[in-house]
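Peer 1: Show me the folded form of this:
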Amino acid sequence: MENKAELTRKEVIMLIAVSHSGIKLAGVNLQGLNLSRADLRGANLTKANLSGANLSRADLTKANLRLADLSGADLGGANLRFADLTKVNLSGANLSYADLRDSNLEDLNLSGANLSRADLRDANLRGVVEHLSRADLSGADLSWADLSRADLSRANLSRADLTKTNLSGANLSYADLRDSNLDYADLSGANLSYADLRDANLEDADLSGANLSYADLRDSNLEDACRSGANLTGAIGYSH
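Peer 2: Got it, this is the predicted structure:
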């Protein structure tokens, strides 16, 4: 039997109204609750159950969400700047257009999450790298992020901004990188086998020692990219 939320939307809004330093809902079951556009700035939601909750366009600036369950939650367009999301379960969650700048995303689970058009600049992604396989990061801003040794196999990174992103040793096999910007990205030793790089900008990227076997490079820009020791066996559209 599915657990019911302990509070209604109206009750949460009333608690917010009387709270002076951020609502305290640590450990509370808010499963499936509609909290869209709610003002949850500075809220304490540690270990809260927000699985399946609607938090679209909610303001969670500086919220403490450590160890919370947000699996399957809708956080589309939510403001999560400076939020603490350490060890949060975001598997299958919708984070499209979410603002995650300067947030702490250490050791959280993003498997199957939708991060299309999300802004992840200056976010702490330590420990996240093992959970990005098949993630939807299309159009996401990951410029300057440290994704070294990340598992991004079969991830959707089409139109993503990966300017100066550290992807050294990352697994990008079968990833969709169409129209992505990899200007000055570090892809040294990365696995890009069978990756779709059509129309990608790889200008000045470091591809030294990378595996690009059978990757699709049609109409990609490889100007001044370092290809020393790269494996380009069977790469489509590549010309020496």
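Peer 1: ok, Leu197 to Leu85 distance?
Peer 2: Using Cβ to Cβ, to the nearest Å, we find Leu197 at a distance of 30 Å from Leu85. (C-beta placed from N, C-alpha, C; glycine too.)
Peer 1: Same question for Gln31.
Peer 2: 18 Å.
Peer 1: Leu197 and Leu85: who's more crowded?
Peer 2: Per other Cβ atoms under 10 Å, whichever of Leu197 and Leu85 has more neighbours is Leu197, with 30 against 27.
Peer 1: Spit out the contact partners of that one.
Peer 2: By Cβ atoms under 8 Å, 6 or more residues apart in numbering, Leu197 lies in contact with 177-178, 180, 215-217, 220.
Peer 1: how about a cut-off of 10 Å?
Peer 2: 157, 172, 175-180, 182, 212, 215-222, 235-238 (Cβ atoms under 10 Å, 6 or more residues apart in numbering).
Peer 1: likewise Leu217?
Peer 2: Contacts of Leu217 by Cβ under 10 Å, 6+ apart are 192, 195-200, 202, 232, 235-239.
Peer 1: pLDDT value on it, please?
Peer 2: We have a pLDDT of 98 for Leu217.
Peer 1: Using a markdown table, lay out the contacts of Leu217 together with secondary structure.
Peer 2: As requested, the contacts of Leu217 are exported to a markdown table (DSSP: H, G, I helix; E, B strand; the rest coil):
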| residue | secondary structure |
| --- | --- |
| Leu192 | coil |
| Ala195 | coil |
| Asp196 | strand |
| Leu197 | coil |
| Arg198 | coil |
| Asp199 | coil |
| Ala200 | coil |
| Leu202 | coil |
| Leu232 | coil |
| Ala235 | coil |
| Ile236 | strand |
| Gly237 | coil |
| Tyr238 | coil |
| Ser239 | coil |
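Peer 1: Asn64 contacts Gly27, correct?
Peer 2: No: using Cβ atoms under 10 Å, Asn64 is not in contact with Gly27, being 11.9 Å away.
Peer 1: neighbour count winner among these two?
Peer 2: More neighbours surround Asn64 than the other of Asn64 and Gly27, with 21 against 14 (other Cβ under 10 Å).
Peer 1: Since that was my last question, I'll sign off now.
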